[in-house]
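In: Generate coordinates for the sequence data below:
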Amino acid sequence: MTTADPLVVIATARSWLGTPYHDQASLRGVGCDCLGLARGVWREVVGNEPFPIPPYSRDWGETGPREVLAEGARAMMIEIPPAETPRGALVLFRMAPRAIAKHVGILTEPDRFIHAYERLGVVEEVLTPIWRRRIAFAFLFPNP
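Out: The predicted structure follows:
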């Protein structure tokens with residue numbers, strides 16, 4: 001499987017900047033959450049989503065035996081080591097110790113990323129050391 005052009009992924013993600021936050025939505029300019037942003041970028045870069053996304057909780061501290069988000073990404077994307085994450089990669093964040101990874105973003109620069117955040121919507125911000133150490137998984141978008 002080859003990878004999508006990271007510049008296309010980044011340009012697509014940036015086209016979502018300013019989209020308001022809306023839980024479990026995925027409509028550019030209308031509303032999305034972090035997963036909805038990733039789904040929207042997927043649709044624009046790769047094509048139709050391969051399977052429907054079931055409802056999910058907003059609890060970033062949720063624990064459990066399965067990394068459901070990572071398993072879903074692994075089924076359709078190219079997994080890479082988080083330490084080797086390039087521009088254009090999708091990153092999954094573990095927001096609390098022992099919690100499952102429940103937040104996603106897209107790296108735009110080695111030190112910047114785009115994500116959807118409650119009250120702020122889709123924003124691009126600095127990948128601070130606090131954010132960086134929370135990266136649990138990383139994936140590349142496939143070439144369509």
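
In: and the lowest-mean-pLDDT helix or strand in the chain, which residues are buried?
Out: Lowest by mean pLDDT, DSSP states H and E among the helices and strands of the chain is helix 68-76, with a mean of 93. Buried positions in helix 68-76, judged by neighbour count with 16 or more other CB atoms under 10 Å: L69, A70, A73. C-beta: built from backbone N, CA, C; applies to glycine.

In: quick one: secondary structure of P50?
Out: Put simply, P50 is coil when judged by DSSP: H, G, I helix; E, B strand; the rest coil.

In: who's in contact with it?
Out: A75, M76 (CB atoms under 8 Å, 6 or more residues apart in numbering).

In: Over to E67?
Out: When contacts are counted by CB under 8 Å, 6+ apart, E67 touches I100, A101, A136, F137.

In: Let's see that with 6 Å instead.
Out: Going by CB atoms under 6 Å, 6 or more residues apart in numbering, E67 touches I100, A101.

In: for F137, what are its contacts?
Out: Counted by CB under 6 Å, 6+ apart, F137 has contacts A70, L92, A101.

In: Please list all residues in contact with the first one.
Out: What it means is A70. Applying CB under 6 Å, 6+ apart, the residues contacting A70 are L92, A101, F137.

In: Now do the strands in the protein.
Out: Taking DSSP state E, the strands of the chain run over residues 26-27, 31-32, 78-80, 90-93, 103-109, 112-117, 121-126, 135-140.

In: so how far is the second one from its chain's centroid?
Out: Okay, so that is strand 31-32. Its chain's C-alpha centre and that of strand 31-32 lie 13 Å apart, by CA atoms, centre = their mean, to the nearest Å.

In: likewise the last one?
Out: Centroid separation for strand 135-140 versus its chain: 9 Å, with CA atoms, centre = their mean.

In: Okay, buried residues for it please.
Out: Neighbour counts over strand 135-140 (16+ other CB under 10 Å) mark I135, A136, F137, A138, F139, L140 as buried.
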